[in-house]
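Chemist: take a look and give me a structure for this.
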Amino acid sequence: MGIVMSQFFKNSIVLLLLIFIGGNAMAQKFTTHAVKKGETLESISKQYKVAPATILSYNKEIQQGTAIKPNTILVIPVGAKTAQDAKATGEKESVSLFKKEEPVQEEPIGFTTHKVRKRETLYGISQRYHITEDDIKRYNSELYSSQLKKGMKIKIPKYRRVKPEDNAINEDDYEVYTVAPKETRWSIAHKYGITIDSMLVLNPGLSKMTDHLSEGQELKMPKLLGSTIKGQETQLYLSYTVPPKMNFYRLEKQFNVKSDEIVRLNPEIAERGGLKEGMVIRIPEQKSDPGEVNTDNFIFYEVKPKQTEFSLTRKLGVTYKELLKLNPDLKDGLKAGMVLKLPKDQAGDFEVRNSLVLDKIDLLDSINPMNRPKLVFMLPFRLDRLNLKNKEEVREIIENRNSLKYSLGLYSGALMAIDSVAKLGISVDVETYDNQLDLSKTKEILSRENLADASAVIGPLDLSSLKEVAVRAAQYKVPVIAPIPAESDLSLGNVFFSYTSDRVLRDKILSYVEGKLTDENIIVIADEKNQSAKAMILKRFPTAKVLEVKEEKKNIGINRDKLGSLMSEEVENWVFVETDNFKLIASVVSILNSFEDTLLNPEVSKKKMEVRMFTTNKNKAFDNDIISSTHLSNLHFTYPSVYREVANSAFVEAYSKRFGDVPDRYAVRGFDLTYDLLLKLAYKNNLMDVSKIIGETEYTGNKFSYERNPTSGYYNQASYIMTIDNLRVVQITD
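Modeler: Residues are numbered from 1 along each chain as shown. Predicted structure coming up:
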């Protein structure tokens, strides 16, 4: 079901109605195997009657021809063909290092009722009943949109319990690890020398949707051989085969161990009259221990398939020797899935998010034409209130009704993005609905339309409808994109807030100023409504001076003489103006310009006063016509921004050709937002998964860098620092 647009809007907006083609995939069943000492890939493959190559395809952390560490958790496909079976039937054994099939979701055999007690959490309840948090939410859908409350009665699914087999995990080989502050899955996996996949197998209660861990959370982890994680047990040793012409001096240099210690540990050296070629000796393993392995000290990187020592060290900006010192397990070779630690201040060709090093991926070079995203647009065109026969009336309504202006701008830009990805060979299915800025209309649309096969929903614009769509879409793990500013208490993990929050923008400009500050004189001017902004500035800059704002019923302003007493002629004056009152802005701008043109005390000094103006929140009051652009330019007015000014570009030219006018900032945002979304879905048709591995992306006038809040969705952290210079708004790039 779609909408029909008027011919009036610049050669019309064409609604795309494409046929969605879906596919069914057969689910593969799996079991797990904890590797015991002495076991090999071949012996395990014989035990389960599965070809070694098949085991390798589901366990990217191991490689053909290398020893498998004890306690490694392997995923074993049940019922897979052996090499002999495949050969007998003439089939080729397929190996994929990149895709795992999902196990079938087990259906419950019944339910029990649990009454929530004070301070109980979803995690605690899931551990009590030996199920996952997702299992509880699946059968108590209200928990997608609200928190647990005392007295609430929830359904707990009961599953068949499989009798442990002989190859079941030996509990004596594992220990309970309590998550410490600032630890992540990556830091704990590195500490135990296992992969994230193995950690998930050992702890099935961990969510697959997020990397979140809570302080105090308990995890099952393998006991380290010869030691515990607390480092209270025996020394670990290396087995070393003596090569030709080796001597004690070279051994000492190579392993940093004294020769008398080597002889003490290996009495056969004395018995045979010294080091002999081919002799296998024990060497104490030296480990670097610079401190606790957490996000305060380190960042982490997960090794990708097919990476080499050369490509890895070039990417991370370290030598292999330095990497080996921090990660001794590398001595056994580089393996996909390994979690490596790096110093906190390490610089290289990468971006860090939540202490995890992200790979820089060129989305244009990484798209998969087989992916066919389906987008659902839900925007308030409100065609029910438009008389499409009266063009002048429609034109006036568009100019004065913000919701319609935003919707048409966003949607026209989105259509340009869909055209652009089509040229790259990506087909997009589109469904568009007019929710009329009305919750009841939104519910009506949702009651008859199925979101299960959607890749993402863009909109709605009103918060109540956005919440309703997010709750429905969460049942199918479909992401919902909020295309305009939206402050929400929505506790759902599937909402992407694409508009960078005021808090992040404020922190961006304060960090910029902090990085540039030398001996400048900082002054803060804030009205009563913006005291929180003033407090944040003073927290960053405790020596800043504060000028009181006079606020009366009809007038608001500052005292010029008091401001003059706070100004300096010796150093540059940096003045923060925090208000959404255009009258106060106009007054401050005018007075600051007068200080630029005159001297406080001409008889004492002839030095011209230098003044620069900042704000942490450039709202629409700063764009009022009574505020002089020339004055703002003189003051090099600087502020944080979600978007940058768009110059002539291929997009502007194409948009103008199609719609007969230059794009406004809503059309630019619609293009950038949709183009970014489609490229990510074309790379991997799961926005949640992509957001874990893709860093900052930037397009015509907007950029995006989504970080997940474990309880309330994904938030864009990207922004610009803009300044007015020579009457032009320009981006500060340093």
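
Chemist: helix, strand, or coil at Val588?
Modeler: Put simply, Val588 is helix when judged by DSSP: H, G, I helix; E, B strand; the rest coil.

Chemist: er, Pro305 I mean
Modeler: coil.

Chemist: skip the chain neighbours and tell me the closest residue to it.
Modeler: Counting by CB to CB, 6 or more residues apart in numbering, Pro305 lies nearest to Ala336, which is 4.3 Å off, once chain neighbours are set aside. Bear in mind the C-beta positions are built from the backbone N, C-alpha and C, glycine included.

Chemist: what do you get for Thr638?
Modeler: Thr723 (4.3 Å).

Chemist: who's in contact with the one you found?
Modeler: Residues near Thr723 by CB atoms under 8 Å, 6 or more residues apart in numbering: 636-639, 729-730, 732.

Chemist: so which strand or helix has it?
Modeler: strand 720-725 (DSSP states H and E).

Chemist: for that strand, which strands pair with it and how are they oriented?
Modeler: Sheet pairing for strand 720-725, assigned by DSSP bridges, gives strand 638-641 (antiparallel), strand 728-731 (antiparallel).

Chemist: quick check: buried residues in that strand?
Modeler: Buried residues in strand 720-725, defined by neighbour count with 16 or more other CB atoms under 10 Å: 720-724.

Chemist: mind putting the strands paired with strand 720-725 into TSV with mean neighbour count, distance to Ser656 and mean pLDDT?
Modeler: Output for these, formatted as TSV (neighbours: other CB atoms under 10 Å; distance: least, CB to CB, whole Å; pLDDT from 0 to 100):
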stretch	mean neighbour count	distance to Ser656	mean pLDDT
strand 638-641	22	24	97
strand 728-731	12	21	93
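
Chemist: let's have the ones you listed in CSV, adding distance to Lys554.
Modeler: Converted to CSV, the strands paired with strand 720-725 look like this (distance: least, CB to CB, whole Å):
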stretch, distance to Lys554
strand 638-641, 28
strand 728-731, 32
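
Chemist: quick one: which of those is nearest His114?
Modeler: strand 638-641 (46.6 Å; CB to CB).

Chemist: ok, and what's touching that closest one?
Modeler: So strand 638-641 is in contact with 505-506, 508-509, 512, 612-618, 622, 719-724, 732, going by CB under 8 Å, 6+ apart.

Chemist: can you tell me how far the residue nearest to Pro305 is from Tyr58?
Modeler: Distance of Ala336 to Tyr58, given as CB to CB, to the nearest Å: 12 Å.

Chemist: ok, now Ile76?
Modeler: On the measure of CB to CB, Ile76 and Tyr58 end up 7 Å apart.

Chemist: ok, Asp580 to Lys253 distance?
Modeler: Between Asp580 and Lys253 the distance is 68 Å, computed by CB to CB.

Chemist: what about those two, which has more around it?
Modeler: Asp580 (14 against 9; other CB atoms under 10 Å).

Chemist: pretty sure that one sits against Lys529.
Modeler: Yes - counting by CB atoms under 8 Å, Asp580 does reach Lys529; the two are 6.9 Å apart.

Chemist: ok, longest helix in this structure?
Modeler: Longest helix of the chain, by residue count under DSSP state H: helix 402-422.

Chemist: show the subsequent helix or strand relative to that one.
Modeler: Next helix or strand after helix 402-422 toward the C-terminus (DSSP H and E): strand 429-434.

Chemist: for that following strand, packing partners?
Modeler: strand 374-379 (3 or more CB pairs under 8 Å, 6 or more residues apart in numbering; DSSP states H and E).

Chemist: for the strand it packs on, C-alpha coordinates in CSV please.
Modeler: Output in CSV follows, covering the C-alpha atoms of strand 374-379 (Å, rounded to 0.1, in the frame of the first residue of the first chain):
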residue,chain,number,x,y,z
LYS,A,374,13.6,-3.7,1.8
LEU,A,375,12.9,-0.3,3.2
VAL,A,376,9.6,0.9,4.8
PHE,A,377,9.1,4.7,4.9
MET,A,378,6.5,6.0,7.4
LEU,A,379,6.2,9.8,7.1
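
Chemist: mind listing residues that contact that strand?
Modeler: Contacts for strand 374-379 (CB under 8 Å, 6+ apart): 20, 407, 410-411, 414, 418, 428-435, 442, 445, 451, 453-461, 465, 469, 674, 677-678.

Chemist: excluding chain neighbours, what is closest to Asn575?
Modeler: Just so we're on the same page, residue 575 is Val rather than Asn. Val575 sits nearest to Ile523 (CB to CB, 6+ apart), 4.7 Å away.

Chemist: check contacts around that neighbour.
Modeler: 544-547, 563, 566-567, 573-576.

Chemist: in helices only, show me these.
Modeler: Per DSSP H, the subset of the contacts of Ile523 in helices is 563, 566.

Chemist: which among the contacts of Ile523 gets closest to Tyr655?
Modeler: So of the contacts of Ile523, ranked by how close each gets to Tyr655 (CB to CB), first place is Phe576, at 36.7 Å.

Chemist: pretty sure that closest one contacts Asn617?
Modeler: No - between Phe576 and Asn617 there is no contact under CB under 8 Å: 10.2 Å.

Chemist: quick one, which of the two is more surrounded?
Modeler: The neighbour comparison of Phe576 against Asn617 (other CB under 10 Å) goes to Phe576, with 24 against 18.

Chemist: what's across from the more buried one in the sheet?
Modeler: Phe576 forms beta bridges with Val524, Phe614, as assigned by DSSP bridges.

Chemist: ok, it to Asn593 distance?
Modeler: 17 Å.

Chemist: what do you get for Glu261?
Modeler: The gap separating Glu261 from Asn593 is 76 Å, by CB to CB.

Chemist: quick one, which of these two is more surrounded?
Modeler: More neighbours surround Asn593 than the other of Glu261 and Asn593, with 18 against 13 (other CB under 10 Å).

Chemist: just the buried ones among the contacts of strand 638-641, please.
Modeler: Looking at these with 16+ other CB under 10 Å, the buried ones turn out to be 505-506, 508-509, 512, 612-618, 622, 719-724.

Chemist: tell me which element Met199 falls in.
Modeler: Using DSSP H and E, the element containing Met199 is helix 196-202.

Chemist: what's the first helix or strand after that helix?
Modeler: strand 218-222.

Chemist: quick check: phi and psi on Ile136?
Modeler: When read as degrees, to the nearest 10, the backbone of Ile136 gives phi -70, psi -50.

Chemist: low-confidence stretches in the stretch 151-300 of the chain?
Modeler: 160-172, 208-210, 224-237, 285-293 (pLDDT under 70).

Chemist: how about the helices in it?
Modeler: Assigned by DSSP state H, counting those that start in this stretch, the helices in the stretch 151-300 of the chain fall at 185-192, 196-202, 248-255, 259-265, 268-271.

Chemist: what helices or strands is the third one leaning on?
Modeler: Taking 3+ CB pairs under 8 Å, 6+ apart as the contact definition, the neighbouring helices and strands of helix 248-255 are helix 259-265, strand 280-284.

Chemist: turn these into CSV, including distance to Tyr123.
Modeler: Shown next, in CSV, are these (distance: least, CB to CB, whole Å):
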stretch, distance to Tyr123
helix 259-265, 46
strand 280-284, 41
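
Chemist: Thr697: how many residues sit nearby?
Modeler: Neighbour number of Thr697 under other CB under 10 Å is 18.

Chemist: distance of the nearest residue to Pro108 once chain neighbours are set aside from Ala67?
Modeler: Of all residues beyond its chain neighbours, the one nearest Pro108 is Pro157 (3.5 Å), with distances taken as CB to CB, 6+ apart. Here Pro157 is placed at a distance of 41 Å from Ala67 (CB to CB).

Chemist: the more surrounded of these two?
Modeler: Each of Pro157 and Ala67 has its neighbours counted (other CB under 10 Å); Pro157 has more, 18 against 13.

Chemist: wait, that one sits on Thr113?
Modeler: No - using CB under 8 Å, Pro157 makes no contact with Thr113, being 11.4 Å away.

Chemist: re earlier: which SSE is the residue nearest to Pro305 in?
Modeler: Assigned by DSSP H and E, Ala336 falls outside every helix and strand.
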